[in-house]
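Q: fold the stuff below for me.
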Amino acid sequence: MTTVLILGANGKIAKLAEAELLAQTADQLKLFLRNADRLTVTDASRQQVIEGDATDPAALVSAMDHVDVVYANLAGKNIEQQAKSVVTAMNQAGVQRLIWISTLGIYDEVPGNFGKWNHKMLDGGYLETYAAAAKIIEQSNLNYTIVRPAWLSNRDIVSYETTRKGEPFKGTEVSRKSIADFVVQLIADPNKASRQSIGVNQPGTDGDKPSFY
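A: Numbering: from 1, shown residues only. Below is the predicted model of the structure:
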């Protein structure tokens with residue numbers, strides 16, 4: 001049995017992953033978010049809700065007690081500070097396995113017209129802050145996997161392929177259910193994509209921009 005700390009537990013992908021973990025595993029889930037009232041527990045024997053701020057290392061260390069895996073589903077303008085706090089807390093708590101959700105484009109790895117369109121859509125420092133956060137993770141000694149999804153859809157489908165850092169990104173979109181499925185696989189196998197940054201997209205979505213735009 002694995003104990004998983006989910007940071008940003010009210011996020012759409014996080015909630016899908018939580019449901020899959022409850023249905024398919026015996027894992028214990030610690031659900032960390034800023035406002036605990038936003039989350040509904042469905043299995044009190046396996047879910048513990050923790051209210052806290054992901055920029056607060058002390059709160060994170062406390063939440064990491066007896067935790068095996070940290071899955072960070074975080075976002076926002078302060079994502080770089082959140083990354084620093086998570087790495088600091090994990091080192092203090094002695095937790096090694098980190099799954100970190102980022103975004104496509106942080107390495108300028110998206111080719112063609114979609115790459116140009118993606119940069120235009122995310123102009124204003126978004127990619128720079130997420131790239132800085134990823135760099136903090138990569139420079140740590142943690143057993144991390146950075147997940148870089150394509151543009152996200154709510155389609156009821158699990159279909160995806162992956163690319164590694166240094167390879168051109170494929171496709172333009174991917175479902176949140178696909179990312180959640182990949183996260184659950186990473187939680188189940190601590191050696192899967194260890195110390196790698198993985199791009200994830202739905203096969204066959206290689207147009208100039210996502211079809212759901």
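Q: quick check, pLDDT for residue 110.
A: Model confidence at residue 110, given as pLDDT, is 90.
Q: need the longest helix for the chain.
A: helix 79-93 (DSSP state H).
Q: okay, now the unreliable bits of the chain?
A: 212-213 (pLDDT under 70).
Q: quick one: end-to-end distance for stretch 94-110.
A: One end of stretch 94-110 sits 35 Å from the other (Cα to Cα, to the nearest Å).
Q: likewise for stretch 146-159?
A: 19 Å.
Q: now do stretch 166-183
A: Start-to-end, stretch 166-183 (Cα to Cα) is 21 Å.
Q: spatially central residue for the chain, please.
A: By Cα atoms, centre = their mean, the chain has its centre lying nearest to residue 101, at 2.2 Å.
Q: wait, doesn't it sit right on residue 13?
A: Yes. With contact defined as Cβ atoms under 8 Å, residue 101 counts as touching residue 13 (6.7 Å). (Glycine included, C-beta is placed from N, CA and C.)
Q: so what's residue 201 closest to, chain neighbours aside?
A: residue 171 (3.1 Å; Cβ to Cβ, 6 or more residues apart in numbering).
Q: looks to me like the one you found is in a helix.
A: No. Using DSSP: H, G, I helix; E, B strand; the rest coil, the assignment for residue 171 is coil, not a helix.
Q: which residues touch it?
A: 150, 161, 201, 202, 203, 204, 205, 206 (Cβ atoms under 8 Å, 6 or more residues apart in numbering).
Q: got a list of what the fourth one touches?
A: Under the criterion of Cβ under 8 Å, 6+ apart, the contact list for residue 202 reads 150, 157, 159, 160, 161, 171, 173, 174, 175, 178.
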